[in-house]
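> Okay, here's the prediction I keep looking at, along with the sequence it came from:
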Amino acid sequence: MLRATLALAATGIAAQIATGIHLQDIRFNGDTRLDGVDLKKCASDLKSQVYGGTDWTDYVVGTVQTKCLLDKGYFKSVVTAMLGGHTRR
């Protein structure tokens, strides 16, 4: 199983709501030796975006599944986002 661990930028919740959520750090755990998958580029692409709304973690998980894994032939990937010790699927 591949798990994406996401850490938020160090700003207050009110500031994040007003300005959007900027990912500061993304780590992939599990077996990350996947043929044809560039996880560094995937992380860089995710960090370059600004996220908002209550379902932003679902969007990030979906992006990792489709753009980083599914498009490379990994059809049965399981991606989980961990934020401050709380797991979101």
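Arrived safely. Numbering: from 1, shown residues only.
> Where does the residue nearest the centre of the chain sit, in terms of helix or strand?
Nearest residue to the geometric centre of the chain (CA atoms, centre = their mean): residue 60, 4.5 Å. Secondary structure assignment for residue 60, by DSSP states H and E: helix 56-63.
> Assumed residue 24 was part of a helix.
No. Residue 24 is assigned strand when assessed by DSSP: H, G, I helix; E, B strand; the rest coil, not a helix.
> how much space is there between the residue nearest to the centre of the chain and residue 25?
13 Å (CB to CB, to the nearest Å). Every C-beta, even on glycine, is put in place using the N, C-alpha and C of the backbone.
> what kind of secondary structure is the residue nearest to residue 73 when sequence neighbours are not counted in?
Distances taken as CB to CB, 6 or more residues apart in numbering place residue 36 nearest to residue 73, at 7.2 Å, with adjacent residues excluded. At residue 36 the chain is in coil, as set by three-state DSSP.
> where does residue 36 fall, phi/psi-wise?
Dihedral angles of residue 36 (phi, psi; degrees, to the nearest 10) stand at phi 80, psi 10.
> That one: how many residues sit nearby?
Close neighbours of residue 36, defined as other CB atoms under 10 Å, add up to 8.
> My guess is it contacts residue 72. True?
Yes. If you go by CB atoms under 8 Å, residue 36 and residue 72 touch, sitting 4.9 Å apart.
> what's the average pLDDT for the helix holding residue 60?
In this model, helix 56-63 has an average pLDDT of 88.
> now the strands: where do they sit in this structure?
Secondary structure of the chain (DSSP state E): strands at 3-8, 21-29, 50-51, 81-83, 86-88.
> do you know how far the residue lying closest to residue 59 once chain neighbours are set aside is from residue 67?
Beyond its immediate neighbours in the sequence, the residue positioned closest to residue 59 (CB to CB, 6+ apart) is residue 51, lying 6.7 Å away. Distance, residue 51 to residue 67, using CB to CB: 15 Å.
> neighbour-wise, which of these two wins?
More crowded of residue 51 and residue 67, by other CB under 10 Å: residue 51, with 17 against 14.
> With that, I have no additional questions.
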